[in-house]
Structure formats: C-alpha cells, structure tokens
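**Q** Okay, here's the prediction I keep looking at, along with the sequence it came from:
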Amino acid sequence: MRDALSISMQASNALVAVLVMVALIFAVLGAAAGETFYLRLATEAMIFAGLALSVDILLGYTGLLSLGQALYFGLGAYLSALVLIESPSFWAAMGAALVAGIAVGLIGGFIANRVRGVYFALITFGMAQVAARAVYNTRAIGASDGLIGVPIVNINLGVTSVSSASPAGFFLLVLAMIVVLYAVSAYMLETPFGRLLIAIKANDRRVPFLGYHTMTVRLGSYVFAAVIATLSGALYPMLRGFVSPELLFFSTSGNAVIAVVIGGVGTLAGGLYGSLLLTLLKSVVGSWTEHHLIVIGLLFMGAVIFFPKGLAGVLRPVVERMLAIGKP
Amino acid sequence: MAGMLDYIQFVLAPQVITGLALGVAVILVALGLTIIFGLLDVINMSHGEFYAFGAFVALALGWLGLPFWLLLVFVPIVMLPIGYLVERGLIQRVFHTGDRHVMTLLLTFGLGLVLEDSLKLIFGPNPYRPDTPIRGAISVFGIFVPSYRLFMICVGAAVIAGVALVIYRTRLGAMVRASAFDRNMAASLGVPVERVYAGTFAFGIALAGLAGVLLAPIYSVFPTMGRDFILLAFTVVIVGGMGSIAGAVAAGIILTQIQAISSLYISPVWSDPIVFGIMVLMLMMRPQGLFGRLGHA
C-alpha cells in the first residue's frame, strides 16, 4: 500500500541511506588516514543519534515531548558499564540493557502516561532529574565520579569480531546498530500500531471512539522509545571507557530535543542528521570558544522560530517528489 | 518534657524557619511560572535562568556600590523591560502556531541556554558569595533566628500578599483574570490583551529576579544556580495547580516544610525524590492540583 505515510517513510529511508553512504566513505577515508579523533567523535554523534531517534518517536509520531530521555540513555550506559566490568561481553551488555529498558520503561511509562501535554513534559523532566540526583549520590556506582575502567570488548559477530578499541571498526558497528534501530522504528511506525500512534498525535480524544485504549498505545510507544534510548546508551561506555552522572542530566535530554528540532520533528531521519550536525557544530564552535551553548542556543531558537520543520522536514518533500517520479 | 521542648526550640524550630525562608523564595519563582502559565498557556523553561540573571544583576549593581535595599527595588525594575521584550519579540512569534505548548517550551528552553552561557561568559563559572546585608540573629521566643532569614520571610510574604492583592482586588488584576479566562471576550471589551500578556510575562520574570536577589546572600551566585531550583519550582506549580496563585503559595510552603523537616531524619540527598514522589502522587490522584487555574475561579 502506498499512502502518504509509506511515501514519507521511503523518503526518510532514502535520506538515511545517503547518510550511511557518506558515513561509509568517511570511515574508509578515516581508516586509511589512521584517524582517531574524528572517527571517535562521529561514533559519539551516532550514539546520541539513537537517543534523538527515541525522542522523535515520542515527539514526532506520538505527540509527547519527553524532556527526560536521558534517564533511559543513562540507564543503558550504567548497566552496560557494570556488565562489561564483570564480564566483557557485548551481547550480554546489550541484552541486559534491553531487559532493563523494557522494565524501567514500563514503570516510567505507567507514571508519565497518566498525564498529557505539558504535564507529560514536566513529569519526564522530573523523573530524569531525580534519577540523576540519585545516581550522583550513590557511592556504590561511583557517585559524582561515575564508573571508570570499562574494559575494551571484542564484539563477536559470528563471522568476524570487532574490537571497541578500533576507531573505524567500532564506528561501523555503532553505525550498523543505529541503522538497525532506525529500521526497526521505521518498520514499527508503518504497522497498524504505528499508525495508531500518529492518530493519537493528530487527535487523542477521537482515538478511543475507534475502539482503542489510548493509554495502552501510548505506553507501548513510550516503552519502545525507552528501549531505543537504553540500547543507544549501552554503546556509550564501550566508546569512552567510562560513564558519569552527566549522561543523565537535563543537558543530555535537552541536546537530543535540540537535535530532533534542528533535524526535523516527525521525520525519523531528522534526528540522525540533527545529532550529527549538533556534534559537528559543537566541535567546530568549541574549537574557538568554550561558550558554544550561546551559539547552539541561538541557532536552536532560530530553528524554532524560522525553520520549525527542520532540515529533514525541508529535504524530505523534495525526496518524496523524486520518489514519486520514479514510481508513478 | 524538657528534652522535648529543647528539641523544638533548638532543632525543629530553626529548621522550620530555614524552610520557610526557602519556601518564600520558591513561591516567588513559582508565582511567576504559574501566572505565566495561567495567562499565556506557556511553560517558561528559562525561568530558572531569569532567577540566576536577577541574582547576577544584583551582584553587579552591588559592586557599583548600590545598597541592598535599593537592589530589591532596582533588579525587578531592570527585569521588567527585558521580560516585556522577550514576550513581544520571541514568544509571540510562535504563540499562534498549532502546538503552542511544545513550541514555546522549546523556545524558552533555547533562551535559557543562551542566558546561562552568557552569564558564564560575563561572570565566569565560579560561584560568588555576596555579603549578608543584615548580620546577626535575633531571638524570638527563645529561638535564634538569623536576622536576614527573618527579613527575607517578611519581604517575601509582603510581595506575595501584594501580588495577590493586585490580581484579585484591582482593575488591572481583573483585566489579567479576564484575559486568562477568555482572551477574545476580554479583547472585545477593550482589554489591551497583547499588552496584558507581555506585561504579565515581564511581571513573572521580575518576581524570579527578586527571588534571585533575596536568595543570593544565602546560597552562592553562579550561572547554573537556576537549574537546581527550577525542578522544585515546577513541582510547586504542579502540586498547587498550574496557573493557581493560592495553590503556589500553599504548595510552596508545604513542600519546603516537608523538605526541611524530613532532612532532620533522613539524608537531605533524598529530599528531591520525596518532593518528586509527592508530585507524582498528586498527578495520579488530582492532576489539576490543589487549586483551580487563574481566571477560572
């Protein structure tokens, strides 16, 4: 079936395909040049792109602004660090993150979904803030210092294995992970369940008249987004070798929201573009002043006022038209 | 029995007074938030940064040699035109878009980032500790109270009473309430709604600035000071009822007292989770909060 949603999803997929192509070229060039810094930076950007993806599923498709997705990102990061310190197994860390993401997402979703609109934004903000404060003050997991000494892992992929210490190899692995998360999200949004989310965004008072339980559907969306954020977070300690409470702070959640708005709300691909753009901007602006927040804040305000569709929101209709020419 | 009295006199009562001083400041911040939400339907995410801004303006003017009591008047006056311009120049630009809540929230969030980093750029990231303007302590019924905290409670209570008086007992307040209840009806009756909106926003910002001046001598002044404060202020607004003045006052006192007294028995580290737990329970059982919204009786 080719309706507006599947066409726009194809356009998003095309935008992501372009991104992957560029990333592959970048990885090859980087590996050939023996580059480390920029490959590591790009890996971090891709990890935060996963967080942006989860924000966009909630904001762009379900109409829920979460100001506390860092809660799940931090959960994944801390859990993965703890598992890796015990036994350096990539799949054990990801499995633990998946289970914890579902469990904590259900609890958080149950609390947050009792309310709508601004209350939802504030309650997610509050939950993340309290979790950050609790982690910051808990000695057992390193309190304000965080956890250091996460070992290098060898990721067994069956046919080959990748070391998290290899800049290009790990970049490709993270890229693959994020693309998988994107693909699962894009698939989910095209299922009847995903269309229901879009219906809730459009008018959540009418959906119950169609016989659906709004709360359950929103809870499903919330848990799905939580899992995406948790899995992305689980990749972080493999890259940096440590985790710190800053990962749960509001700045992390806020950055993901900024990335989604600059990249384009409700385009799914936009979060990935926005996150890369934001990281690039931070490193460029950060190289000549430490006050990059002024620039990013102004840019963000400008995007909200003049450019509310974001980058992908402008690009995607162009791609849609190109796709329409291809298949009448 | 004597032990009990000693306990009240030397442990409990000072804690209650300390909590009350904090409570008054929180109420000032929360009042601004709640009035802005009640009237404009806008969540001002930059409110905490305006609170920090007020503290820094006071700090800078203090360096110029202005006495403290003048700062209490000057800082809110400095904040008023800033707030007016922010409402006219920024918030109105996205005010009429489809999703007002989200758009204004995002915009003010961006503004908060810019403000905070600007303060960092001008004053540096390190905390300043202004001198306490009123030194010493006085004894009330055998309870030692630092004079400045007592002064803060009195000034804060007077301002809060003044705000309530203006909103509920003056023609200006009637215009504000009318605009909150029905914007179009108020406009057709000749209320300059646009100016009421901008003025109310400015007023809310000025209250946050005043809280910054009052709290600066107790806590330190640093660019991210608003961040720690804003969660508590939001909790007060939610528990009290978004857009309710009486609710902000009641919830502000209750929550800060719970914080103050609970920190006698358990580590103050857990005061945030407790306060947040109350907010969650409130949202689950009575999402509209303790009291109704501004303009809606």
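**A** It's in.

**Q** buried sites along stretch A:86-98?
**A** Neighbour-count burial for stretch A:86-98 flags A:Pro88, A:Ser89, A:Phe90, A:Ala93, A:Met94, A:Ala96, A:Ala97, A:Leu98 (criterion: 16 or more other Cβ atoms under 10 Å in any protein chain shown). From N, CA and C alone the C-beta is placed, and that goes for glycine too.

**Q** what helix or strand is the fifth one on?
**A** A:Met94 belongs to helix A:90-112 when elements are defined using DSSP states H and E.

**Q** top helix in chain B by residue count?
**A** Longest helix in chain B, counting residues (DSSP state H): helix B:13-40.

**Q** chain center to stretch A:150-161: distance?
**A** Distance of stretch A:150-161 from the chain centroid (Cα atoms, centre = their mean, to the nearest Å) equals 23 Å.

**Q** The following helix or strand past the helix holding A:Met94 near chain B at all?
**A** Once the chain leaves helix A:90-112, the next helix or strand it forms, by DSSP H and E, is helix A:117-136. Yes: for helix A:117-136, a contact with chain B is found by Cβ under 8 Å from any Cβ of the partner chain, at A:117-119, A:121-123, A:125-127, A:129-130, A:133-134.

**Q** coming back round to it: and the helix holding A:Met94 with chain B, contact?
**A** Yes: legend: contact between helix A:90-112 and chain B by Cβ under 8 Å from any Cβ is shown at A:Ile111.

**Q** Run through the neighbouring helices and strands of that helix.
**A** helix A:70-86, helix A:117-136, strand A:154-156, helix A:214-240 (3 or more Cβ pairs under 8 Å, 6 or more residues apart in numbering or on different chains; DSSP states H and E).

**Q** Pipe those into TSV and attach mean pLDDT per row.
**A** TSV is the format used below for the helices and strands packed on helix A:90-112 (pLDDT from 0 to 100):
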stretch	mean pLDDT
helix A:70-86	91
helix A:117-136	85
strand A:154-156	75
helix A:214-240	92
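
**Q** With distance to B:Met185 as added columns, please give the ones you listed in TSV.
**A** Converted to TSV, these look like this (distance: least, Cβ to Cβ, whole Å):
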stretch	distance to B:Met185
helix A:70-86	42
helix A:117-136	24
strand A:154-156	65
helix A:214-240	32
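
**Q** So for B:Ile35, which of those sits nearest?
**A** helix A:117-136 (15.3 Å; Cβ to Cβ).

**Q** now the angle from that closest one to helix B:13-40?
**A** If you take axes from the mean of the first three to the mean of the last three Cα atoms, to 10 degrees, helix A:117-136 sits at 150 degrees to helix B:13-40.

**Q** which residues touch the residue nearest in space to the middle of chain A?
**A** Central residue of chain A (Cα atoms, centre = their mean): A:Leu51, 1.8 Å from the mean position. A:Leu51 sits next to A:Gln69, A:Ala70, A:Phe73, A:Ala229, A:Ser232, A:Gly233, A:Thr252, A:Ala256, A:Ser275 when contact means Cβ atoms under 8 Å, 6 or more residues apart in numbering or on different chains.

**Q** The same query, at a cut-off of 7 Å, please.
**A** A:Gln69, A:Phe73, A:Ala229, A:Ser232, A:Ala256 (Cβ atoms under 7 Å, 6 or more residues apart in numbering or on different chains).

**Q** hang on, the earlier thing: A:Phe306: which of the helices and strands packed on helix A:90-112 is closest?
**A** helix A:117-136 (22.9 Å).

**Q** packing partners for the longest helix of chain B?
**A** Other elements packing on helix B:13-40 under the criterion 3 or more Cβ pairs under 7 Å, 6 or more residues apart in numbering or on different chains; DSSP states H and E are helix B:47-63, strand B:143-146, helix B:147-169, helix B:171-181, helix B:193-215, helix B:225-240, helix B:245-265.

**Q** what's the least confident stretch among these?
**A** Sorting the helices and strands packed on helix B:13-40 by mean pLDDT places strand B:143-146 lowest, at a mean of 77.

**Q** Can you name the residues that contact residue 102?
**A** You didn't pick a chain, so chain A it is. By Cβ under 7 Å, 6+ apart, the residues touching A:Ile102 are A:Val223, A:Val227.

**Q** Can you look at chain B instead?
**A** B:Val102 neighbours (Cβ under 7 Å, 6+ apart): A:Leu65.

**Q** Spell out which parts of chain A neighbour chain B.
**A** A:65, A:111, A:114-115, A:117-119, A:121-123, A:126, A:129-130, A:133-134, A:137, A:254, A:257, A:261, A:291, A:293-294, A:296-298, A:300-301, A:304-305 (Cβ under 7 Å from any Cβ of the partner chain).
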